[in-house]
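In: quick one: sequence and predicted model below, then my questions.
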Amino acid sequence: MNSELKTRIIDMLKTIYDPEIPANIYDIGLIYEVTISDERDVSILMTLTSPMCPVAESLPPDVQFKVGALEGVGSVEVEVTWDPPWSPDLMSEAAQLELGMF
């Protein structure tokens with residue numbers, strides 16, 4: 001059952017875009033980990049494109065709010081990490097293609 005919930009969470013993350021890169025935060029590699037407890041509490045480990053990212057203050061709370069609004073989700077904790085730092089190598093092939101990197 002948690003796999004279905006994780007799929008819905010990832011689908012929600014794919015609706016959130018980084019304003020600096022015209023692709024969703026999941027495909028550009030900003031989401032490092034999504035963990036769901038037996039109680040359906042969600043923990044998200046993510047990064048930003050840089051520590052000076054203009055949405056550093058607003059993007060993590062936006063992720064928390066949107067994932068928390070999904071039916072069946074308990075509490076949501078979003079942690080931002082800089083280790084490892086984000087790089088374009090973390091982008092999915094779809095995002096790289098969308099951005100003309102191939």
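Out: Now that the structure is in, tell me what you want to look at. Residues are numbered from 1 along each chain as shown.

In: didn't Thr81 look like it was pressed against Leu48?
Out: No: counting by CB atoms under 8 Å, Thr81 does not reach Leu48; the two are 9.6 Å apart. Glycine gets a C-beta too; all of them are placed from N, C-alpha and C.

In: so which of the two has more stuff around it?
Out: Neighbours per residue (other CB atoms under 10 Å) separate Thr81 from Leu48, with Leu48 holding more: 21 against 13.

In: apart from its neighbours in sequence, what residue is nearest the more buried one?
Out: Spatially, and ignoring its direct neighbours in sequence, Leu48 is nearest to Ala56 (5.6 Å; CB to CB, 6 or more residues apart in numbering).

In: which other helices and strands contact the lengthiest helix in the chain?
Out: Counting by DSSP state H, the longest helix found in the chain is helix 2-13. For helix 2-13, the packing partners by 3 or more CB pairs under 8 Å, 6 or more residues apart in numbering; DSSP states H and E come out as strand 31-36, helix 59-68.

In: out of the ones you listed, which gets nearest to Glu98?
Out: Minimum separation from Glu98 across the helices and strands packed on helix 2-13 (CB to CB) falls at strand 31-36, 16.7 Å.

In: neighbouring contacts of that closest one?
Out: Residues outside strand 31-36 that contact it (CB atoms under 8 Å, 6 or more residues apart in numbering) are 2, 5-6, 9-10, 13, 25, 42-47, 81.

In: select only the buried ones of those in PyMOL?
Out: Remark: buried members of the contacts of strand 31-36, expressed as a PyMOL selection using 16 or more other CB atoms under 10 Å:
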select buried, resi 5+9+13+25+42+44+46+47
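
In: any chance of the contacts of strand 31-36 in a markdown table, plus distance to Leu90 and pLDDT?
Out: A markdown table is the format used below for the contacts of strand 31-36 (distance: CB to CB, whole Å; pLDDT from 0 to 100):
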| residue | distance to Leu90 | pLDDT |
| --- | --- | --- |
| Asn2 | 24 | 83 |
| Leu5 | 24 | 95 |
| Lys6 | 19 | 96 |
| Ile9 | 19 | 97 |
| Ile10 | 15 | 97 |
| Leu13 | 14 | 98 |
| Ile25 | 11 | 95 |
| Val42 | 21 | 98 |
| Ser43 | 19 | 98 |
| Ile44 | 15 | 98 |
| Leu45 | 13 | 98 |
| Met46 | 11 | 97 |
| Thr47 | 8 | 95 |
| Thr81 | 13 | 96 |
